[in-house]
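Enquirer: next input, structure requested:
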Amino acid sequence: MAQQTTNRRLKIIAGADSFGGSLKDSLVTHLRSLNIDVEDLGTSTKYYSVGEEIGRRVSSAVSTTTTSDTETRGLVACGTGVGVSIFANKFPGVYAATCLTPGDAQNSRSINNSNVLAVSGISTSPENALEILDTWLNTPFKSPCPASDSKPWPTEIHSFLDNSIPEMSKIGGEGGKGGAEPSTEDNSSSCAICWLNSRNKDDKNKASEGDFTPIEIMRGGSMKILRETPTSAVVRFERGSVEPAHHHTFGHDLVVMKGKKKVWNLSKEEKYDLGVGDYLFTPAGDVHRVKYLEDTEFFIKWDGHWDIFMDEDLDAANAAIDNEI
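Expert: Residues are numbered from 1 along each chain as shown. As a prediction, this is how the structure comes out:
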């Protein structure tokens, strides 16, 4: 049975999108069997909103933590666990971690003092998710974990971890020592993704333009792979570029960091206008077409190896778009 790792009463705020609803329900039942107070927000059809709502509530609880006898954490599920964690992390004091293994959960608590657990409704079984959740509940901050080779952290690392939480809380704050204050041109937006993106442009250690490889099958596009298995990348498209209708053998999450794009999911007969900070999950096999209204950059994550199957050519795509306009 999982044991709480705090002297204060533990409360979990839980929620999911339609891809993670079933897994979330199983975990909520388990939490309640442990007599843990759970506020279940249910399942939302807006894929990013539940991450936003839980992030907002946990952040609000963190701000009153010194006067409360309750420790509030979050549990959120979507198709991959990535999108909801991205949006939860936009709020101060929230440390959401996507955990696909018990080792991930142990590391996220020991190293990052994670207070929101994000899980994948597509790739994680209920049995594995229960083990992930119990590990996350049972692991105190700074305790031995796989990253420390299951041994106590050395003194210098322990000291670093002690300072990491207050330092992280300053990032994004006005004049905070943990990070540069947003420039005047960024102050019109409170979007954390926008600000982090602008900081990357000024970072002297950022990757060079040459790290982006042209996407030969899609004119105007280039890509930089950030991580393999699961794979994540930053993708850029020039204004006016079009991705003709196509599909993949994998589902993919994306978050727009710059620009504007329009996406037609032809399989579901739906369309989306996406701007900075917007999130979209496209299921495996769904045929979709894209038009870039501005120079656009986005983060994308998928499981498996990159593949693409074309369902129309560029002329047909342009004709279909012109027809709609």
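Enquirer: please make it C-alpha for all contacts and neighbour counts, starting now.
Expert: Will do.
Enquirer: how near is S22 to L75?
Expert: Using CA to CA, to the nearest Å, we find S22 at a distance of 13 Å from L75.
Enquirer: other residues contacting stretch 315-323?
Expert: By CA atoms under 8 Å, 6 or more residues apart in numbering, the residues outside stretch 315-323 that reach it are 242-245, 289.
Enquirer: which one's more surrounded, S22 and L75?
Expert: The neighbour comparison of S22 against L75 (other CA atoms under 10 Å) goes to L75, with 28 against 16.
Enquirer: quick check: the more buried one touching A129?
Expert: No. Judged on CA atoms under 8 Å, L75 makes no contact with A129 at a distance of 11.4 Å.
Enquirer: who touches both of those two?
Expert: Joint contacts of L75 and A129 (CA under 8 Å, 6+ apart) are V119.
Enquirer: what's near enough to touch S110?
Expert: When the contact criterion is CA under 8 Å, 6+ apart, the partners of S110 are 139-145.
Enquirer: I215: neighbour count?
Expert: 15.
Enquirer: what sits against it?
Expert: Residues in contact with I215 (CA under 8 Å, 6+ apart) are 221-223.
Enquirer: mind redoing it with 10 Å?
Expert: 221-224, 235-237 (CA atoms under 10 Å, 6 or more residues apart in numbering).
Enquirer: got a ChimeraX select line for the buried ones in those residues?
Expert: This is how ChimeraX selects the buried members of the contacts of I215, with burial counted by 16 or more other CA atoms under 10 Å:
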select :221,222,223,224,235,236,237
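Enquirer: okay, and the helix or strand of the protein with the least pLDDT?
Expert: None of the helices or strands of the chain scores lower by mean pLDDT, DSSP states H and E than helix 192-202, at a mean of 48.
Enquirer: name the helices or strands packed onto the next helix or strand after that one?
Expert: Counting by DSSP states H and E, the next helix or strand C-terminal to helix 192-202 is strand 213-214. Secondary-structure packing of strand 213-214 (3 or more CA pairs under 10 Å, 6 or more residues apart in numbering; DSSP states H and E): strand 221-227, strand 231-237.
Enquirer: just checking: what are the partner strands of strand 213-214?
Expert: Take DSSP bridges as the rule and strand 213-214 pairs in its sheet with strand 221-227 (antiparallel).
Enquirer: now the strand it pairs with against strand 231-237, angle please.
Expert: Relative orientation of strand 221-227 versus strand 231-237 (axes from the mean of the first three to the mean of the last three CA atoms, to 10 degrees): 160 degrees.
Enquirer: which residues in the stretch 201-325 of the chain form strands?
Expert: Using DSSP state E, counting those that start in this stretch, the strands found in the stretch 201-325 of the chain span residues 213-214, 221-227, 231-237, 242-247, 252-258, 261-265, 270-274, 279-282, 288-292, 296-302, 309-310.
Enquirer: in TSV: the ones you listed, plus distance to V116.
Expert: TSV is the format used below for these (distance: least, CA to CA, whole Å):
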stretch	distance to V116
strand 213-214	35
strand 221-227	23
strand 231-237	21
strand 242-247	32
strand 252-258	19
strand 261-265	30
strand 270-274	26
strand 279-282	19
strand 288-292	32
strand 296-302	20
strand 309-310	36
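Enquirer: the ones you listed: which one's closest to E167?
Expert: strand 252-258 (24.5 Å; CA to CA).
Enquirer: pick out the residue closest to the middle of this structure.
Expert: Nearest residue to the geometric centre of the chain (CA atoms, centre = their mean): I86, 2.9 Å.
Enquirer: what strand or helix carries that one?
Expert: Assigned by DSSP H and E, I86 belongs to helix 82-88.
Enquirer: what of T135?
Expert: helix 126-138.
Enquirer: can you list the neighbours in contact with that helix?
Expert: Under CA under 10 Å, 6+ apart, the answer for helix 126-138 is 1-6, 10, 22-27, 30-31, 75, 99-110, 113-121, 123-124.
Enquirer: right, and the helix or strand after that helix?
Expert: Moving toward the C-terminus from helix 126-138, the next helix or strand (DSSP H and E) is helix 155-170.
Enquirer: which elements pack onto that following helix?
Expert: helix 102-112.
Enquirer: dump the C-alpha coordinates for the helix it packs on into PDB.
Expert: Extracted in PDB, the C-alpha atoms of helix 102-112 (Å, rounded to 0.1, in the frame of the first residue of the first chain):
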ATOM      1  CA  PRO A 102       8.300   3.700 -12.100                       C
ATOM      2  CA  GLY A 103      11.900   4.800 -12.500                       C
ATOM      3  CA  ASP A 104      10.700   8.000 -14.200                       C
ATOM      4  CA  ALA A 105       8.300   8.600 -11.200                       C
ATOM      5  CA  GLN A 106      11.100   8.000  -8.700                       C
ATOM      6  CA  ASN A 107      13.500  10.300 -10.500                       C
ATOM      7  CA  SER A 108      10.900  13.000 -10.900                       C
ATOM      8  CA  ARG A 109      10.100  13.100  -7.100                       C
ATOM      9  CA  SER A 110      13.700  12.700  -5.900                       C
ATOM     10  CA  ILE A 111      15.300  15.200  -8.300                       C
ATOM     11  CA  ASN A 112      12.500  17.600  -9.200                       C
END
